[in-house]
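J.: Sequence first, then the predicted structure:
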There are 2 protein chains.
Amino acid sequence: MARERPATPARTAPAEPLSSLDELAAALRCLPGVGPKAAQRMALHLMQHDRDGAKRLALALAQAGDAVRHCERCNTFTEDSVCALCRSTKRDEALLCVVETPADLAMVEHTHAYRGLYFVLMGRLSPLDGIGPREIGLDRLLKRATDGAVREVVLATNFTHEGEATAHYIGEMLRARGLAVSRLARGVPVGGELEYVDSGTLAQALRERRPLS
Amino acid sequence: MARERPATPARTAPAEPLSSLDELAAALRCLPGVGPKAAQRMALHLMQHDRDGAKRLALALAQAGDAVRHCERCNTFTEDSVCALCRSTKRDEALLCVVETPADLAMVEHTHAYRGLYFVLMGRLSPLDGIGPREIGLDRLLKRATDGAVREVVLATNFTHEGEATAHYIGEMLRARGLAVSRLARGVPVGGELEYVDSGTLAQALRERRPLS
């Protein structure tokens, strides 16, 4: 979006009031990262080159809006009251991994290195944006983590300032209830070269160095 | 999109088959410049933060798909058989401006420096992509330009290689029918500083220098 100029003459002063096309461009602005120029380009592209794609997208939007809701146990998106992952009998109920978003959950699943269950915050603590413990459902997480089956909570929030603060807050909250709490390891990425790793990561990898096994 | 990795683990190996959400992400790929990761992010954003926006977008897509068609006279997008601009009695019928896209038409209109009519190619000649004279409706343009009312055709295709080639081709075609043909002036942009103008533009501005009036 950086290349777009702030002024948007083409949309604000259309040659002719094309209501459907203007409304389509305006509606496309609901997509993250789509500015007025990009929205106009998308609308023209769909009408000119991909009307079938537009039809499919309209159906998919309506269908997802009707069907997608939150899992009662882990809070991720699902079309059932409890998601397939929470219903699965093959997962280790003693492990609960806390992630920020369903995309993060998918990334952890993709590693095939985790066999426990999840809790999806659908956000992170961000007091400046008015996002506190209530907004990311920490009361629900607390209830879920203290149901008796969970023995260890793995904090897999992002390693950003807000993600770290969220992990710290949740960690304190759960440790006070006697739960084991762990955090994803920080360090040099697999395949990483020391020359190109930032010094903060390298310092962390030194502090958390492990004995050779 | 340059920052996105080619691999898309999150979408190709979802933790759970979320058909509506996956289908929404797949359908969003019809938008130009939206790759798999961006589509997934958009789908999650809509479900999490903007369900009303998704609803509005679904309606706008369906509405535009039904209503938007091409003007019979100038080929731009319209919801009527002939667009409001072509129907207007205030425009100079002796002038016909040829542009590549409806967005270009809107830009020319926005200048308030042109009072004639338009023909929208909906593309440009691009033989390597299989886009020839027939694909951009040059037979229709020829018919439109030789209807008796048009006296001058202003070629306002882009100053790219393909736009220039398109202007050249149309210019030859129309001049052979005895029509006056002009091209947008090239030169130093308004507000431009010579130090920062590319040498091709400056050379053109020198060759096409005009006597002070």
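T.: On my side now, so go ahead. Numbers count the residues shown, from 1 in each chain, chains lettered A, B, ... in the order given.
J.: any idea whether A:Leu96 is helix, strand or coil?
T.: When classified by DSSP: H, G, I helix; E, B strand; the rest coil, A:Leu96 comes out as strand.
J.: Now do the helices in chain A.
T.: Secondary structure of chain A (DSSP state H): helices at A:9-12, A:19-28, A:36-49, A:51-67, A:84-87, A:102-110, A:138-145, A:161-175, A:199-207.
J.: Figure out which of those is closest to chain B.
T.: helix A:51-67 (2.9 Å; Cβ to the nearest Cβ). Glycine gets a C-beta too; all of them are placed from N, C-alpha and C.
J.: what number of residues lie near the spatially closest residue to A:Ser19 that is not a sequence neighbour?
T.: Distance criterion Cβ to Cβ, 6 or more residues apart in numbering or on different chains; nearest residue to A:Ser19, sequence neighbours excluded, is B:Glu79 at 7.1 Å. A count of nearby residues for B:Glu79, using other Cβ atoms under 10 Å in any protein chain shown, gives 19.
J.: residues contacting B:Glu79?
T.: Applying Cβ atoms under 8 Å, 6 or more residues apart in numbering or on different chains, we find B:Glu79 in contact with A:18-20, B:67-69.
J.: Lowest-confidence one in the residues you listed?
T.: Within the contacts of B:Glu79, pLDDT reaches its minimum at A:Leu18, with 50.
J.: Farthest-apart pair in the contacts of B:Glu79, please.
T.: Using Cβ to Cβ, the contacts of B:Glu79 reach their maximum pairwise distance at A:Ser19 and B:Arg69, which is 13.7 Å.
J.: Now for A:Gly171, how many residues are close by?
T.: 17.
J.: Now it: closest residue in space that isn't a chain neighbour?
T.: A:Val181 (4.7 Å).
J.: need the contact list for the one you found.
T.: A:152-153, A:155, A:170-171, A:174-175.
J.: can you rerun that using 6 Å?
T.: A:Val181 sits next to A:153, A:171, A:174-175 when contact means Cβ atoms under 6 Å, 6 or more residues apart in numbering or on different chains.
J.: possible to save these as CSV with distance to A:Gly187?
T.: Formatted as CSV, the contacts of A:Val181 follow (distance: Cβ to Cβ, whole Å):
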residue, distance to A:Gly187
A:Val153, 21
A:Gly171, 19
A:Leu174, 24
A:Arg175, 23
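J.: out of those residues, which one sits closest to A:Asp198?
T.: Using Cβ to Cβ, A:Gly171 is the member of the contacts of A:Val181 that lies nearest A:Asp198, at 24.2 Å.
J.: now the closest one: how far from A:Glu152?
T.: Distance of A:Gly171 to A:Glu152, computed by Cβ to Cβ, to the nearest Å: 12 Å.
J.: likewise A:Ser19?
T.: According to Cβ to Cβ, A:Ser19 stands 57 Å off from A:Glu152.
J.: How about A:Ile131?
T.: A:Ile131 sits 26 Å away from A:Glu152, going by Cβ to Cβ.
J.: One more: A:Arg69?
T.: When distance is defined by Cβ to Cβ, A:Arg69 is 28 Å away from A:Glu152.
J.: So for chain A, the centremost residue is which one?
T.: Nearest to the mean C-alpha position of chain A, by Cα atoms, centre = their mean, lies A:Thr101 at 2.5 Å.
J.: what about the closest residue to A:Pro32 other than its chain neighbours, neighbour count?
T.: Distances taken as Cβ to Cβ, 6+ apart place B:His45 nearest to A:Pro32, at 4.8 Å, with adjacent residues excluded. By other Cβ under 10 Å, 17 other residues sit near B:His45.
J.: pLDDT added to the contacts of A:Val181, as a markdown table?
T.: Putting these into a markdown table (pLDDT from 0 to 100) gives the following:
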| residue | pLDDT |
| --- | --- |
| A:Val153 | 94 |
| A:Gly171 | 94 |
| A:Leu174 | 94 |
| A:Arg175 | 93 |
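J.: Now rank those by neighbours and give me the top one.
T.: A:Val153 (26 neighbours).
J.: So for the residue nearest to the centre of chain A, what's the pLDDT?
T.: So, for A:Thr101, pLDDT stands at 91.
J.: pLDDT below threshold where in chain A?
T.: A:1-18, A:213 (pLDDT under 70).
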